[in-house]
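>>> coordinates for the following, if possible.
(one chain, ligands or ions: 2)
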Amino acid sequence: MLGLLKPTDPAWVDAVKGNLEALLIDHAHCELKAAQSALSIVSRHGWDHPELAEPLLELAREETEHFRDVLKEARERGIRVPPPEPDKYVSALMKEAKRDGTPERRLLDRLLVSALIEARSCERFQLLAEGLDDPDLAAFYDRLMQSEARHYRLFTSLAEAIWGEEITRERFSVLAAREATVVDRLALGPTVHG
Ligand SMILES: [Fe+2]
Ligand SMILES: [Fe+2]
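Ligands and ions are numbered 1, 2, ... in the order given. Sure, this is the predicted structure:
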């Protein structure tokens, strides 16, 4: 799905079903970090690439809305969301990209790592939309899944507009292969990317 090379182990849905509280807490953090990351790309690269500002600010707005929506779902279930901790999946992806990343391609890697995170979130939200017993929460994830698919396409198309299709595809396939090993390495748990 969406350029991912390794499908999620179906046992992940069972891990989540057993601990919806942990899922919602981690999910709230993911949405907040997605908004912060989009703003940080604009703040670091938007001066050299002003065409990034408009779409990424809109994306940050949407992710902020998702963050608010997840907080609401958590609150309605009596779940208190603590402050976020570093995300092992995202840190591992950034580290993989840095292995052979160059300063000139830092933005390319940033956009493609973001695209992969969106793709994996989209895949997982689809599993939740199909597998959760709570119909409201399943519908919630179905809606979010569609946004994250759109975000995946946004990040890849922003990369293509700057570096062209060939370079973008080539680098994406390298990073997608590494993403598959990261997913394999992480313990299966009740978190969005765990
Ligand atoms: Fe989101
Ligand atoms: Fe997203």
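
>>> and the helices in this protein?
Taking DSSP state H as the criterion, the chain carries its helices at 11-17, 20-45, 53-76, 88-98, 106-131, 135-163, 165-185.

>>> to ligand 2, which of the ones you listed lies closest?
Comparing the helices of the chain by their distance to ligand 2 (CB to the ion), the top pick is helix 135-163, with 3.7 Å. (C-beta placed from N, C-alpha, C; glycine too.)

>>> now for the closest one, which elements pack on it?
Contact here means 3 or more CB pairs under 8 Å, 6 or more residues apart in numbering; DSSP states H and E; on that basis helix 135-163 packs against helix 53-76, helix 106-131, helix 165-185.

>>> backbone dihedrals for the residue in the chain sticking out farthest from the centre, please?
The outermost residue of the chain, judged against the average C-alpha position, is Gly78 (25.4 Å), by CA atoms, centre = their mean. For Gly78, the backbone dihedrals are phi 70, psi 20 (criterion: degrees, to the nearest 10).

>>> can you give me the pLDDT of it?
Residue-level confidence at Gly78 comes out at 96, pLDDT.

>>> try Pro83
Per-residue confidence at Pro83 stands at 97 (pLDDT).

>>> contacting residues for the spatially closest residue to Ser114 that is not a sequence neighbour?
When the adjacent residues along the chain are set aside, Ser114 lies closest to Phe155, with 4.7 Å between them (CB to CB, 6 or more residues apart in numbering). Residues touching Phe155, when contacts are defined by CB atoms under 8 Å, 6 or more residues apart in numbering, comprise 111-112, 114-115, 118.

>>> of those residues, which is the most crowded?
Using other CB atoms under 10 Å as the neighbour test, the contacts of Phe155 are led by Leu112, with 28 neighbours.

>>> thought that residue was touching Glu170?
No. If you go by CB atoms under 8 Å, Leu112 and Glu170 don't touch, sitting 10.5 Å apart.

>>> burial of Ile162, as a residue count?
Applying the criterion other CB under 10 Å, we find 16 residues in the vicinity of Ile162.
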